[in-house]
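Undergrad: prediction below, plus the sequence it came from.
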Amino acid sequence: MDMNNVSIQGNPLYINYEFDFFTFPVLVACIPLSYLIPTIFIIFKVFKVYIRQFLGKKDDTMNPHVFLVIVASQITSIFYMISDYITIRLPFSGILTSWCASQEPNHLLKMLFFFSIYFTFVSWLFPFLLSALRLIPVYFPRKHSKLCARITKFALPSIYFYPLIFTFTLIPAMGTCRQLLGPYQFGAIFIWFTGNWFDLKLINGIVLNLAIWLILCSISNLMLYLKLKKLKSNRKSVILQRAEMSLTLTTFSMLLSFITNLFCAMIFLIFPSLTVYFIALRPFANDCEIVFAPWIFYLTHPIFKKKQRVACKKEVSRVGTLHTTY
């Protein structure tokens, strides 16, 4: 990584570094808490409604498997948020500098870096799974429930295993801390690694996955849009159309991380010297997905509005079975 290849471990200048809370980097690290903490409460509200749906009577405005994937994605985003703070935002602020410099290169630092990469990979898989589950009721309306159940049962565990294919080379690696170059103040560090198997560059797997999953998500959402456009004349329920629109907006908000990460990856490959400038902006760009997806879903889907749930149940009882699960 061209940002800096020199570890600060054992360097007395960094060991004796005194953290100052009243600095601009600390302010930058604290500002996101103003919207990330409320977002966590929204995620738990979504989870609470899911549990109520799971234990009680199902709501016809929501495919339970789609709901499960959205909940799993949003809960996972909390862990991504935590790993992002530990590996990027806090080291930038200097709060970990003295502690990190006092450590020998170790597996703990490597694991902190690993989780930031791991949850990044995971976040790219949920949008495609969500799109696929929304496609099934459109193309297989009579057996969509069984197909969605089978796919979800297989896909969810696979999503959490998949990143290991691209990160297993980190097993023997040791984590280190390095000073950020460029415009950053002394003591602003980042967590990295050294000594991985085969000396493989993680950026290759990152770019490959970004391209593949972005293309697949784009194709699946285009197929869904074209199919729904044909079926629109047969779907008169305003409530159900709102549910469709809510899921569409939620899915698109989940794609924001593709755009930001792809942009940063291309900068890293084409203009590596500029990486230090964009790496500080990347967490804020990723916040868009972390924040927008749960808020959009919670504020727009009828399942979270009591009056609309009642209205939908009346419509379902009036028109019979509806494939309102996408």
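TA: Sure, I can see it.

Undergrad: bridged to Phe193, which residues?
TA: Gly175 (DSSP bridges).

Undergrad: how near is it to Thr23?
TA: 27 Å (C-beta to C-beta, to the nearest Å). Where you see a C-beta, it was placed from the backbone N, CA and C, and this is true even at glycine.

Undergrad: what's the burial count for Ser102?
TA: 14 (other C-beta atoms under 10 Å).

Undergrad: Phe193 and Thr23 - which one has more neighbours?
TA: Phe193 (23 against 15).

Undergrad: OK, contacts around Phe186?
TA: Tyr17, Gln179 (C-beta atoms under 8 Å, 6 or more residues apart in numbering).

Undergrad: quickly find the element holding it.
TA: Counting by DSSP states H and E, no helix or strand carries Phe186.

Undergrad: any idea how far it is from Val26?
TA: 15 Å.

Undergrad: ok, so what distance separates the residue sitting nearest the centre point of the chain from Ile78?
TA: Nearest to the mean C-alpha position of the chain, by C-alpha atoms, centre = their mean, lies Ser123 at 3.5 Å. Distance of Ser123 to Ile78, computed by C-beta to C-beta: 12 Å.

Undergrad: low-confidence stretches in the stretch 1-150 of the chain?
TA: By pLDDT under 70, the low-scoring segments of the stretch 1-150 of the chain are 1-4, 57-61.

Undergrad: which residues does the closest residue to Thr176 other than its chain neighbours bridge with?
TA: Nearest-residue entry for Thr176: Ser7, 4.2 Å, with adjacent residues in sequence omitted and distances by C-beta to C-beta, 6 or more residues apart in numbering. On the basis of DSSP bridges, Ser7 takes part in beta bridges with Arg178.

Undergrad: got the contact list for Ser7?
TA: Per C-beta under 8 Å, 6+ apart, neighbours of Ser7: Pro105, Thr176, Cys177, Arg178, Thr194.

Undergrad: can we see that at 7 Å?
TA: By C-beta atoms under 7 Å, 6 or more residues apart in numbering, Ser7 lies in contact with Pro105, Thr176, Cys177, Arg178.

Undergrad: since that was my last question, I'll sign off now.
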